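Q: Pasting the sequence and the predicted coordinates here, then a few questions.
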Amino acid sequence: MSASVHLSRAGKRLAFLSLLAIVLWLPYLPFVPYSVVGNVNVAAEYALVAVSLVVLVGWVGQISLGHAALVGVGAYITGLAMGGLHVGFPVSLLWGAAGGMVVAVVLGAVALRVRGLYLAVATLIFGWVGQEFLFRQAWFTRHSSVTAAPVGKWDTIFYWNWPDRKVFYYAAWATVALAVYLMANLRDSKTGRAFFAVRGSEAAAASVGIDVVRTKLAAFAVSGLLAGAAGTLILVGQQAVTPEAFSVDKSLFFLAVAVVGGLSSLGGAVAASLLFAFINEAFFRVRALEGWLTVVPAVLLAAALLLYRGGLARLPDDVAPWLRSARRRLDPVLEPVVVGFNRVADGLAAWLRAHANRLRGRLPTGERSAAVVVKRAGPVTTLLSRLTGGLVRAPRPVVRTEPPLDLVPPGVAEEQGPGASITALPVGRLAADTGSVTGVLPFDKMPRQPVVMAADRDERRVVLGVESLTAGFGGLVANDALSLTVCDGEVVGLIGPNGSGKTTLLNAVTGFVPVTAGRIELFGQDVTDLPPHHRAQLGLGRTFQRVRLFGQLSLFDNLLVATHQHNPTGILSHLAVTPGSLAAEAEARRQVQRVVRLLDLRDVAHTPVRDLPLAVQRIVELGRALVTGAKLVLLDEPASGLDATETARLVELIRYVRSLGVAVLVVEHDVKMVSDVSDYLYVLERGRLLAEGPAFLVAMDEAVIAAYLGRTAGAGA
Amino acid sequence: MLRSFLLSLPNVGAYAILAVGIVVIFRASKVLNLAHGAMAMVPAYLVSSLHQAGLPIGVAFVLGVLSGGVLGLVVERAFVRPLRQVSVAAQTVGTVAAFGLMVALAGKVWGTGTRLSPAVFPEGTVHIGSVSLRAGQLGLLAVAIMLAAGLGALLQLTDIGMVLRGAADSPRAASLMGVDPDLAASGAWVLGGATAAVAGILLAAVTTMSPLTMSLQAIPAFVAALIGGLASLGGAVAGAAVVGVATGIVPAVASLQRVHGMQQLVLGLVAVAVMVARGERYAGSEL
């Protein structure tokens, strides 16, 4: 079977060129019916809305059931601009996009106060208000047709018979291509990672310094911009619009298109749009199907949810085993470009091959997005080079994956199995990597930091100061006038039975739980009223009791998310892939590679974290906190769910973290583990401090043993 | 003003029944049933067709309510439960698929145009001052009050209610106590479907309906449930009163009368106000 589809190189080139020719000349090909061109144009409109939904729903996880209303706003604002201000077509795209963007940001600002299901209801209501109120106001819908094509001063430059199907084909698909290109850039950037992080866990995203509110608003803005531009396309392509084109059921239809495409895949969104357009055409041609068209979107949506989850984006992977040649085309390593009879076609083919991966991508895995960084020079030179097939000399688009992470002293790798267990955590190797010690050291020869004595603490810089803190939920006071300090370079343990308020304290310090009374100081700054991401930006890292990683991202990308606050580039430079944003991206990747090496996680660096064992996930969470550059890391029950060996290794890791100059606050109820690792201990009971002091003293304290340890055992903690 | 208040009461009743069903389903399975309106629409059409076929309205009504229960079960089993392992969002989109399927099939079977539905209550009008309300409208309100009270008693006072609530909060604990959480969820969906059917049939009897508009009647009910925090029946009924009266007042204001879609705009503003006022509580803590 595979032999039949295994094309020779020349054959492949022929197939590619034919396809390219069909795409470029479609409206003028004699065998293409007029109605097909019309439906392919409609597919472009669908595609733009679907891409808009991919960004908002697929990437950021904000369900929108009112997207058609955003499209409608774009269409009617375009009408107002064209009819009232005599703005011609390509320019009026900006009006539609701006209109959609502004309304989406307003909607987002309201909806930001709610989350998940409530957001879905909010967008549904928005769609309904649009359908019943806004799109029925005469002042707003005054210019809902472009039949009397206005001629403004811009039209003298851009004049063309845009609504003509053949012309519109190029205009619409060029818009879609531009949108897909920009969104692919965004996806593989810091902004895209922030999107995925917010979808994965808002709390974890905030804990690495991502401003969740801003990120969501940015997503609403981008999504609204695309939806509004789609409205412009619809108005121009259809020449006139009615409110029915933007009703609530249309919102659900657009959502169906995006879901059928796989919901997080740009290529899938475009493919699904073409599929729906094809269905339109088929139902138009086959009489027997008459009247069933309305059922199709719901059936396909149900199928993409229930029977073929992942939608069209999954298709290439499922088909690949039967198409050996296709598999090779999607490989990120480019074949050397042969300068042949047609340089332009060669260059274009190389460019398309290099981008095939990105277009069909569902999520940026570490390897793929790494490849993107290496292969791009400045956008203009690269584009020129590619369009001219290398006639304009620029860096040849060479795709390389990251340099291997294997920088470990020779002889060590063999000792470690390929497995992903915490037992593969050689602290000796970590020390070797910092350059302070060469060779592999066993644990017992590790240089130990001196124990921090209580008297010594007064001279150290206080990194965390909590003064008579009271916090709790509802009427329940979990922390009652609690005070504690963490000094530079020490490990502080906080122990207490379940329900004694340990986690609440930690959440109050990190800003996830509001404080009723008291004061929290980080690195000498009062942070009592700061949101979590601000505290993270000051140098506070944390892990969570129930591991909160971005499950669908690879280990590498999870750590990469944490470089967020050290990357100064903005969303516009990500859209345009400026050299500055590429440099920042490369620097972030180097940083993460270093940490991956430190934690000895190279073998699993590109595995989705949800497939990793719990022990490794906990290390990744700690690594994520370190990548933020945190000077104080709060660990919330890091040993829970780990066995004795894994816990012992964790203790070594925490000591190692301290040796890097990072202060650690460990919240635990595993008393042995905490007194092993800590310099100083606080004992908490029912929201109050029971005892404090140097770890070895507190652990020996008769009163504590009697009052607390015994009770813990009794409670079965 | 009093006049429009009285005229808004039937809507309050319909929204209350729908909102109560949404809350029952949400409490038991943590899923927001966006197909709720469609689950009200299909039985309404069914009753209309059965009545046209010659069945007495009482029999048609009972069959319609039963069909609503079956519909609830089908939506849960086919569109929601298979997605439970994926995410809550996926389950919500699953109910969207169910919505689309029901609306499209209803349009195919019964046509997409508007039609009248048979009266459930005997014809006649009741005069309250200058306002005359049809018996059907008053019946709708009465049924709503009885349903809300009955369901409230069922959930608060009986073991069934405890089972329905507990199963969603902690499926594991529920199964340890001998309660099948799947069964509990299905029970809630049957109950929700049946109440949706009651609302749909009674509402159709006093208005006109088309597959889509009838299905969108649930949107005010979502706002009502939202006002109540999606968790309390009393809150949902109170929310229905707020939504019904707020939108019902609109026709009384002469300057608003002529603006199209003013009721929807008022509803949207109420929703915004609720979100702004109660936002913190909804956003809640992820931790």
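A: That came through fine.
Q: Near chain A, which residues of the stretch 101-250 of chain B? Just list them.
A: Neighbours of chain A within the stretch 101-250 of chain B, by C-beta under 8 Å from any C-beta of the partner chain: B:101, B:103-105, B:107-108, B:212, B:216, B:219, B:222-223, B:226, B:230. Placement of C-beta: from N, CA and C, glycine included.
Q: hey, where'd the helices end up in the stretch 451-600 of chain A?
A: A:454-457, A:502-510, A:532-538, A:555-561, A:571-576, A:579-598 (DSSP state H, counting those that start in this stretch).
Q: And the helix or strand containing A:F278, how far out from the chain middle?
A: In this assignment (DSSP states H and E), A:F278 forms part of helix A:266-285. Its chain's C-alpha centre lies 28 Å from the corresponding centre of helix A:266-285 when counted by C-alpha atoms, centre = their mean, to the nearest Å.
Q: Next: stretch A:558-575.
A: For stretch A:558-575, the distance from its own C-alpha centre to the chain's C-alpha centre is 11 Å (C-alpha atoms, centre = their mean).
Q: Identify each buried residue in that stretch, please.
A: Buried positions in stretch A:558-575, judged by neighbour count with 16 or more other C-beta atoms under 10 Å in any protein chain shown: A:558-567, A:569, A:571, A:573-575.
Q: I'd like the residues of the stretch 101-250 of chain B next to chain A written out as JSON lines, with pLDDT and distance to A:S223 added.
A: Formatted as JSON lines, those follow (pLDDT from 0 to 100; distance: C-beta to C-beta, whole Å):
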{"residue": "B:L101", "pLDDT": "93", "distance to A:S223": "26"}
{"residue": "B:V103", "pLDDT": "93", "distance to A:S223": "25"}
{"residue": "B:A104", "pLDDT": "91", "distance to A:S223": "26"}
{"residue": "B:L105", "pLDDT": "92", "distance to A:S223": "31"}
{"residue": "B:G107", "pLDDT": "90", "distance to A:S223": "29"}
{"residue": "B:K108", "pLDDT": "88", "distance to A:S223": "32"}
{"residue": "B:L212", "pLDDT": "89", "distance to A:S223": "25"}
{"residue": "B:L216", "pLDDT": "89", "distance to A:S223": "23"}
{"residue": "B:I219", "pLDDT": "91", "distance to A:S223": "22"}
{"residue": "B:F222", "pLDDT": "91", "distance to A:S223": "22"}
{"residue": "B:V223", "pLDDT": "89", "distance to A:S223": "23"}
{"residue": "B:L226", "pLDDT": "84", "distance to A:S223": "23"}
{"residue": "B:L230", "pLDDT": "78", "distance to A:S223": "26"}
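Q: Highest neighbour count among these?
A: Neighbour counts for those (other C-beta atoms under 10 Å in any protein chain shown) peak at B:F222, which has 31 neighbours.
Q: could you list every residue that touches it?
A: The contact partners of B:F222, by C-beta atoms under 8 Å, 6 or more residues apart in numbering or on different chains, come to A:V121, A:L124, A:I125, B:A19, B:I22, B:L32, B:H36.
Q: what about 6 Å?
A: A:V121 (C-beta atoms under 6 Å, 6 or more residues apart in numbering or on different chains).
Q: what's the burial count for residue 37?
A: In the absence of a named chain, this looks at chain A. Neighbour count for A:V37, taken as other C-beta under 10 Å: 18.
Q: let's do chain B instead
A: By the measure other C-beta under 10 Å, the count of residues near B:G37 is 27.
Q: And whichever strand or helix holds it, what does it pack against?
A: Taking DSSP H and E as the definition, B:G37 sits inside helix B:36-52. With contacts defined as 3 or more C-beta pairs under 6 Å, 6 or more residues apart in numbering or on different chains; DSSP states H and E, helix B:36-52 has these neighbours: helix B:57-75, helix B:88-110, helix B:181-206, helix B:211-216.
Q: Just say which of those is most tucked in.
A: Highest mean neighbour count of the helices and strands packed on helix B:36-52: helix B:181-206, a mean of 26 (counted as mean count of other C-beta atoms under 10 Å in any protein chain shown).
Q: quick one: low-confidence ranges for the stretch 51-200 of chain A?
A: Flagging of the stretch 51-200 of chain A using pLDDT under 70 yields the residue ranges A:115-116, A:147-159.
Q: near chain B, which residues of it?
A: Residues of the stretch 51-200 of chain A lying close to chain B by C-beta under 6 Å from any C-beta of the partner chain are A:63, A:110, A:113-115, A:117-118, A:120-121, A:125, A:128-129, A:132-133, A:136.
Q: let's see 10 Å
A: Counting by C-beta under 10 Å from any C-beta of the partner chain, the stretch 51-200 of chain A comes close to chain B at A:57, A:61-63, A:65, A:107, A:110-122, A:124-138, A:199.
Q: one step back: okay if I get the helices and strands packed on helix B:36-52 as JSON lines plus distance to A:A206?
A: Shown next, in JSON lines, are these (distance: least, C-beta to C-beta, whole Å):
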{"stretch": "helix B:57-75", "distance to A:A206": "36"}
{"stretch": "helix B:88-110", "distance to A:A206": "20"}
{"stretch": "helix B:181-206", "distance to A:A206": "32"}
{"stretch": "helix B:211-216", "distance to A:A206": "36"}
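Q: Roughly how far does A:F253 sit from chain B?
A: Using C-beta to the nearest C-beta, to the nearest Å, A:F253 is found at 8 Å from chain B.
Q: State the pLDDT value of that residue.
A: Note on A:F253: pLDDT of 93.
Q: which one is it nearest to, not counting chain neighbours?
A: Nearest residue to A:F253, sequence neighbours excluded (C-beta to C-beta, 6 or more residues apart in numbering or on different chains): A:P297, at 4.9 Å.
Q: cool, B:G268 as well?
A: The spatial neighbour of B:G268 that comes closest, neighbours along the chain excluded (C-beta to C-beta, 6+ apart), is A:V129 at 4.0 Å.
Q: what helix or strand is that neighbour on?
A: helix A:117-132.
Q: Since that was my last question, I'll sign off now.
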